[in-house]
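Chemist: Sequence and predicted model, in that order:
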Amino acid sequence: MTQLQQLTPHQLADRLLALTNQYGNLSDELARILAHKDYKWSALRNTTTSDKQADRLWYQTKDGTKERLIDFELKKLQRIMSSIKAVLQVRENEAKKLY
């Protein structure tokens, strides 16, 4: 977080744009995985006695592991982007002498 405080508003906006682009790319990749998940998960479910077992088997596959990693990365990016927006808002208010 201290790294964000040292950046100029322009640099923060550039960083936010780059993170948004990364978020979009990861979302596209996740969408591709989820498009195939239903079919693959159904096949796994046919070989198990419960949904939970099928979930465990799914997350042991390459796509299942990737889905989880992407999900965690998206959450991390959301928090960073939110922090940048908060810093930009504070800087804007300071520039307007609202503090």
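Modeler: Happy to help now that I have it.
Chemist: Listing request: residues of this protein with sub-threshold pLDDT.
Modeler: Counting by pLDDT under 70, the low-confidence segments of the chain come to 1-2, 99.
Chemist: packing partners for the helix ranked longest in it?
Modeler: As assigned by DSSP state H, the longest helix anywhere in the chain is helix 9-46. The helices and strands touching helix 9-46, judged by 3 or more Cβ pairs under 8 Å, 6 or more residues apart in numbering; DSSP states H and E, are helix 51-59, helix 62-95. Yep, even glycine has a C-beta here, placed from its N, CA and C like the rest.
Chemist: L77 touches Y23, doesn't it?
Modeler: Yes: with the criterion set as Cβ atoms under 8 Å, L77 and Y23 qualify as a contacting pair; they are 4.9 Å apart.
Chemist: ok, and the closest non-adjacent residue to the residue most central in space within the chain?
Modeler: The C-alpha lying nearest the average C-alpha coordinate of the chain belongs to L74 (Cα atoms, centre = their mean; 0.6 Å). Leaving aside its chain neighbours, L74 sits nearest to L26 (5.7 Å; criterion: Cβ to Cβ, 6 or more residues apart in numbering).
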